[in-house]
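Asks: Here you go, sequence then predicted model.
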Amino acid sequence: MSGHSKFANIKHKKEKNDAAKGKIFTIIGREIAVAVKEGGPDPNNNFKLATVIAKAKANNMPNDTIERGIKKAAGDVGNVNYEYVTYEGYGPNGIAIIVDALTDNKNRTAANVRSAFTKGQGNVGTPGCVSFMFDRKGQILVDREECDKEADDLMMLALDAGAEDFSEEEDSYEVLTDPDSLETVRKALEDEGIPMISAEVTMIPQNYVALTDEDAIRNLQRTLDLLEEDDDVQAVYHNWDE
């Protein structure tokens with residue numbers, strides 16, 4: 001089993017929560033707006049938008065909702081003032097944490113992120129201080145219970161479409177791709193009726209760190225919870241071996 005697939009199980013369980021789903025739709029809506037502003041409303045000529053649409057479909061966002069979001073963003077380009085910002089830092093015992101945010105107020109977001117780290121006995125570092133410990137990959141998660149294909153057949157389908165790696169977990173299959181190949185592989189699986197939990201570009205830890213100290217675990221969980229609750233935060237990546 002690949003070590004990075006531990007993230008898949010955690011993600012799978014969290015995103016089955018209705019509240020988490022609601023936030024995901026809000027996150028995707030913002031990402032659509034920014035992608036349209038940067039590259040236009042045609043996903044065939046806008047790779048970033050195509051990637052966001054893939055993420056939306058994998059999270060069961062209705063097609064008409066996606067199309068409405070694109071049209072609204074296309075007609076409202078001048079008023080879209082969100083921008084991406086990434087924070088890197090350390091939790092207890094040197095756990096590496098990366099926070100991706102999409103915000104219309106960087107001062108507010110920076111203060112909230114710094115507060116989340118501080119309350120968990122961690123600290124925000126300089127850009128690049130932990131990102132070298134992660135690999136940027138396209139990640140597709142498939143629900144084992146809903147997938148009719150055998151693991152070997154699914155693996156060959158994914159690899160033939162351009163995937164780099166395939167792993168099996170208790171409740172999911174994970175497909176990893178080069179970020180630029182994510183949409184191609186996702187489309188190949190969609191065409192075969194494969195039920196996907198998610199399809200997005202993510203950060204995969206190269207190694208995981210275990211925590212045994214109860215205070216450290218509690219503090220780290222506090223930081224992660226505060227970050228997940230922040231509306232500006234799009235994604236949180238870490239190398240904690242949960």
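Replies: Here it is on my side, so go on.
Asks: any idea whether residue 173 is helix, strand or coil?
Replies: Following DSSP: H, G, I helix; E, B strand; the rest coil, we place residue 173 in the strand state.
Asks: can you count the residues close to residue 75?
Replies: Neighbours of residue 75 under the rule other CB atoms under 10 Å: 11. All C-beta atoms are positioned from the backbone trio N, CA, C, and that covers glycine.
Asks: cool, residue 128 as well?
Replies: Residue 128, neighbours per other CB under 10 Å, totals 9.
Asks: now do the one 5 residues further on
Replies: Summarising burial for residue 133: neighbours were counted as other CB under 10 Å, giving 16.
Asks: For residue 232, see how far away it is.
Replies: Distance, residue 133 to residue 232, by CB to CB, to the nearest Å: 24 Å.
Asks: Also residue 116?
Replies: 11 Å.
Asks: Specify which residue of those two has the higher count of neighbours.
Replies: With neighbours defined as other CB under 10 Å, residue 116 and residue 232 compare such that residue 116 has more, 27 against 22.
Asks: mind listing what's buried in stretch 138-153?
Replies: By 16 or more other CB atoms under 10 Å, the buried positions in stretch 138-153 come out as 138-142, 147, 149.
Asks: and which of the residues you listed is nearest to residue 42?
Replies: Set against residue 42, the nearest of the buried residues of stretch 138-153 by CB to CB is residue 138 (21.1 Å).
Asks: Looks like the closest one contacts residue 204 (just checking).
Replies: No. Between residue 138 and residue 204 there is no contact, the gap being 10.1 Å when judged by CB atoms under 8 Å.
Asks: Spell out which residues are contacts of both of those two.
Replies: Residues touching both residue 138 and residue 204 by CB atoms under 8 Å, 6 or more residues apart in numbering: residue 176.
Asks: which one is residue 84 nearest to, not counting chain neighbours?
Replies: Excluding its sequence neighbours, the residue lying closest to residue 84 (CB to CB, 6 or more residues apart in numbering) is residue 102, at 5.7 Å.
Asks: Surely that neighbour is in a strand?
Replies: Yes. Counting by three-state DSSP, residue 102 is found in a strand.
Asks: Output the buried residues of stretch 138-153 in JSON lines; the columns should cover distance to residue 72 and secondary structure.
Replies: Listed next are those as JSON lines, based on distance: CB to CB, whole Å; DSSP: H, G, I helix; E, B strand; the rest coil:
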{"residue": "138", "distance to residue 72": "27", "secondary structure": "strand"}
{"residue": "139", "distance to residue 72": "28", "secondary structure": "strand"}
{"residue": "140", "distance to residue 72": "28", "secondary structure": "strand"}
{"residue": "141", "distance to residue 72": "28", "secondary structure": "strand"}
{"residue": "142", "distance to residue 72": "31", "secondary structure": "strand"}
{"residue": "147", "distance to residue 72": "34", "secondary structure": "coil"}
{"residue": "149", "distance to residue 72": "37", "secondary structure": "coil"}
